[in-house]
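> next come a sequence and a model predicted from it.
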Amino acid sequence: MKFVVPGKKFESMAPMCTGKGDYVSIPVGGDGLMAIVDIEDRWLLQWRWSPWRGRRNLHYYPVRGIRIGKTVFQLHMSRFICGALPGERVSHHDRNSLNCRKTNLLLNGECLLDTDRSKITKENYEDYLSVYLS
């Protein structure tokens, strides 16, 4: 199956079928990273996506640069799919930052995002490797 985007052809990006629904894998950079989106979001294949690594975690997020005037902004795929406004946070339900299916994306405020994360406390720090609490 071929997806035709104006000016581009994608032969290797055929939709993949799973038991939970259809999805498309989108290449993120040249290191073999693949983002997963719903089949109706396959139009995202028209752009080249790059991996961006968060400062506080080891997850890679698919981003692309958009130029407005002389300034280049980073556009995160997950925010683009959700239609998040500035100041709103998007989190991934399964904490896989490359899984950008709509069923996995949660549009949260700051306080809701903090409650969604698991906290490291003095009682459970032994479950984590190389964690030092002062």
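Done, it's in.
> now do the buried residues in stretch 60-76.
60-64, 76 (16 or more other C-beta atoms under 10 Å). Heads up, the C-betas are built off the backbone N, CA and C, glycines and all.
> what's the pLDDT at Leu44?
Each residue has a pLDDT score; the one for Leu44 is 90.
> what's the answer for the one 10 residues further on, then?
Among the per-residue scores, Gly54 holds a pLDDT of 75.
> sorry, back to before: any chance of the buried residues of stretch 60-76 in a markdown table, plus distance to Trp49, secondary structure and pLDDT?
Putting the buried residues of stretch 60-76 into a markdown table (distance: C-beta to C-beta, whole Å; DSSP: H, G, I helix; E, B strand; the rest coil; pLDDT from 0 to 100) gives the following:
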| residue | distance to Trp49 | secondary structure | pLDDT |
| --- | --- | --- | --- |
| Tyr60 | 10 | strand | 89 |
| Tyr61 | 10 | strand | 91 |
| Pro62 | 4 | strand | 94 |
| Val63 | 7 | strand | 94 |
| Arg64 | 5 | strand | 93 |
| His76 | 10 | strand | 91 |
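> with that, I have no additional questions.
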